[in-house]
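Novice: Here you go, sequence then predicted model.
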Amino acid sequence: MDNSNLPNYLEYKGKYKGIFAWIFSTDHKRIGLLYLYSIMAFFLVAALLGLLMKFELIAPGKTIMEAKAYNAVFTLHGIAMIFLVVVPGIPAILGNFFLPIMIGAKDVFYPRLNLLSWWLYVIGAVIAVSSQFMGSGSPDTGWTFYAPYSFKTQSNVLPALVGAFVLGFSSILTGLNFIVTMHRMRAPGMKWMKMPLFPWTLYGTAWIQLLATPVVGITLLMVIAEKALSIGFFDPALGGDPVLYQHLFWIYSHPAVYIMILPAMGVISEVLPTFAKKKIFGYNAIVLSTMLIAFVGYFVWGHHMFTAGMSETSLFAFSFLTFIVAIPSAIKIFNWLATLYKGSIMLRTPMYWAISFLFVFMIGGLTGMVLGALSTNVHLHDTAFVVAHFHFIVFGGVGFAFFAGIHYWFPKIYGKMYEESWANTGWIMFFMGFLTLYFPMFLLGIKGMPRRYYDYVPEFHFTNIISSFGAFIMIAGLVVILINLFRSAKRGEKAPASPWGGKSLEWTISSPPTLENFEEIPEIK
Amino acid sequence: MYSNLSNFSEDINTSFIVIFSVISFFLIAITVTIILFVIKYREKKNPVPTPIEGSVILEIIWTVIPLGLVIGMFYYGWMAWIPTVSDAPEDAIEVKTTARMWSWLFEYENGKKTDTLYVPEGKPVELQMTSPDVLHSLYIPAYRIKRDIIPGRVTNIWFEPRKTGSYDLFCAEYCGLQHAFMITEVKVLTQEEFDEWYIDTTAVVKAAATPGAEGLQILRMNGCIACHSLDGSKLVGPSYKGIWGHEVEVEKGGQKQTLLVDAEYIRNSIYNPDEEIVVGYSKGLMRSYQGELTDEDIDKIIVYLESLSDKKE
């Protein structure tokens, strides 16, 4: 199917000109790139805030900022990373771009709703970020907004909540759009069990977005009502219950972890077989485990609250289910491993990212066992161990998978190749820096250093120095990666339609794709 | 590292060892396998892949074995946890614990109050914990215990120290500006030392020899100096140093005005802290101490404040 004589989606001229040809475009590929640029901008800001925290923690006492600034910095870092970067992340960028192509469609089912989702994202983000610059100072509650501190603080919490509320709608609408797209627009002959694994994980994710996000929306509305109208839901001073807030918050925010990690698993399930020149091992098992994770993930939120004083029976159940939800992830790991067996492994940049993903994701998942068990959780809850654990999952897991995906699909998106030697240099720096940054935090947690601590007792000093040192290497690696990609998008060599020999539909069309992807809808045999 | 420091720590350490052994085994085994596969099946050495699409038997094996292992880990975690949430023994020493932004207060059955937790070796201690403001969490890493403290409720935690010494006690639930400074120590004494410490209520009287010492004691006990420094440095609230008898600019009912720091002003600031806010500081951070500090207490505090200032009454 050679369609390279038609203008590609980057050159195509529509109704609008200049920037309007992008921000009013309903083309899923342009919307994917709009998300890429906006999410990248927030990611860089939030990463910089993380770096500032590591500067501060390099020595006890004041290093570069006061406690008040530090509390605001980790709050904004969390809000931006979770709500603006990792939750939308892979589905909004790579999902928007590749979901329709991988199922043989010309666009998503509701292209204008898709554009609205991006606009909601931008509006929500602007409202959330505005909390930094107006009113009574940056929010200092942490990204969890726990009651009753979020009612007591005089800082500017309300815009952050309103922003998160609007962002929720962006997420819900994207989920809805993807579900309908996959039900209605698969190419003829593409049965459900022939659909590639990346779309499958987006399908599981979309259901979580659709069903879990409203819970956090309602919760944020309750907080806003409580702050504005003094209705006592959560603040004991008004007769409310602060633990109720934690339940509602985690009923969304735990499944949200699966919104983040499932699409990451989908990316890895595309990259590994391509670079092992094999079909994925155990396709059915991976599909089934994806849907199991999406389902069981709803019932484990209580493990964020083991020390909050729930009944022993509910803690028994929450701990047990937390261990059960590990099984589908383990199944995936074993199937990925078996995919490498007797393959013909090409060690190219996306494969380096995918293999290092396996390593960091395993550390993240396995340390989750230590946190899922009751007695060990009580010691480690709210310590640096938890911070290390979820950074291995949401930064190691999701971040590494995102970089695997972006290096895998870059030639398709821009029609250009990148400098592989620079990409690999960036990867090894990032990988080593990542481990040096987060691994010591496990040790700090075991020794008992609580999280969200601006200052610490001297016995934690040495380990903190190592961790901060790792952050510097990792950020240096990130700079190398991004400069290489930006330069290559402009000046890279022309990419062929299928640079890695990938088997899914996106590799059958030209790089970059034409406006309609397929001039004729393909038939799947 | 922390061996046998409390009655719970041994069992909890065992669950740590069991779980860390299982996960380390898997991490190492799988990582080594990945590396071997990458070396053995690299493109140069193995140019033609062998197509294998799956195996039901393998899927069953790597579902069932991990399932058994996770249930085992769950069991160890649960068994070591159960005693920590059981009721404290009848003979436990009861200590009323108040966690507030951002200090600790421990009150013993004989009325003795401290900001450091003193306990005797080998005797169970039960902390009955409350918070007047926001969520806190009492965390003693050496004893492997932690419990959230929730305003409007009493939560309990108990333990039996097994070795004398000083151990860190942290607040683990983020509680605002000075969260990282809401730390103190558990001091485990021998029974004799503890008894001597427990009956000795003379400490206050002895200190009273210097003017204002009683006032300082009151400020310490009520956690005031977590936010108001004694040396002029700026914390959450204005420092106590050199304010007495001086003029201060405050915001009252939305308007700025200048007031003299006198007894009336001090009393009002303690009972109605949001009414007159010194310019440069925030409202809503301090709660009213009406009903907790008596007029007599405040007079003692004032004597102390005078000693920090060059102006006298």
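Specialist: Yep, that arrived.

Novice: For the nearest residue to residue B:297 once chain neighbours are set aside, I want the exact helix or strand it lies within.
Specialist: With C-beta to C-beta, 6 or more residues apart in numbering or on different chains as the measure, residue B:218 is the residue that lies nearest to residue B:297, at 5.2 Å, once sequence neighbours are left out. From N, CA and C alone the C-beta is placed, and that goes for glycine too. Residue B:218 belongs to helix B:213-221 when elements are defined using DSSP states H and E.

Novice: What lies in contact with that helix?
Specialist: B:105, B:113, B:115, B:204, B:207-208, B:225, B:228, B:240, B:293, B:297, B:300-305 (C-beta atoms under 8 Å, 6 or more residues apart in numbering or on different chains).

Novice: how about a cut-off of 10 Å?
Specialist: By C-beta atoms under 10 Å, 6 or more residues apart in numbering or on different chains, the surrounding residues in contact with helix B:213-221 are B:103, B:105, B:107, B:113-115, B:203-208, B:210, B:212, B:224-226, B:228, B:230, B:240, B:293-294, B:296-308.

Novice: Quick check: longest helix in the chain by residues?
Specialist: Because you didn't say which chain, this covers chain A. helix A:242-276 (DSSP state H).

Novice: hm, I was asking about chain B
Specialist: helix B:9-40.

Novice: Could you give the average pLDDT over it?
Specialist: Averaged across helix B:9-40, pLDDT comes to 94.

Novice: next SSE after that helix?
Specialist: Remark: after helix B:9-40, the chain's next helix or strand is helix B:56-81, criterion DSSP H and E.

Novice: could you say what helices and strands that next one packs with?
Specialist: Applying 3 or more C-beta pairs under 10 Å, 6 or more residues apart in numbering or on different chains; DSSP states H and E, one finds that helix B:56-81 makes contact with helix A:283-296, helix A:312-324, helix A:326-340, helix A:349-372, helix A:374-380, helix B:9-40.

Novice: Please identify the deepest-packed of those helices.
Specialist: Of the helices and strands packed on helix B:56-81, the one with the most neighbours on average (mean count of other C-beta atoms under 10 Å in any protein chain shown) is helix A:374-380, at a mean of 25.

Novice: any residue of it up close to chain B?
Specialist: Yes: with C-beta under 10 Å from any C-beta of the partner chain as the measure, helix A:374-380 is seen reaching chain B through A:374-380.

Novice: just to revisit the earlier point, counting neighbours, what do you get for the residue nearest to residue B:297?
Specialist: By other C-beta atoms under 10 Å in any protein chain shown, 19 other residues sit near residue B:218.

Novice: which residues touch the residue of the stretch 151-300 of chain B found nearest chain A?
Specialist: Closest to chain A within the stretch 151-300 of chain B is residue B:152: 3.5 Å, counting by C-beta to the nearest C-beta. Residue B:152 is in contact with A:148, A:235-237, A:239-242, B:130-132, counting by C-beta under 10 Å, 6+ apart.

Novice: Could you save those residues as TSV and add columns showing distance to residue A:436, secondary structure and neighbour count?
Specialist: As requested, the contacts of residue B:152 are exported to TSV (distance: C-beta to C-beta, whole Å; DSSP: H, G, I helix; E, B strand; the rest coil; neighbours: other C-beta atoms under 10 Å in any protein chain shown):
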residue	distance to residue A:436	secondary structure	neighbour count
A:148	38	coil	24
A:235	42	coil	25
A:236	43	helix	21
A:237	44	helix	15
A:239	49	coil	10
A:240	43	coil	20
A:241	42	coil	18
A:242	37	helix	25
B:130	42	strand	17
B:131	38	coil	26
B:132	42	coil	15
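
Novice: From those residues, pick the one nearest residue A:347.
Specialist: residue A:242 (51.6 Å; C-beta to C-beta).
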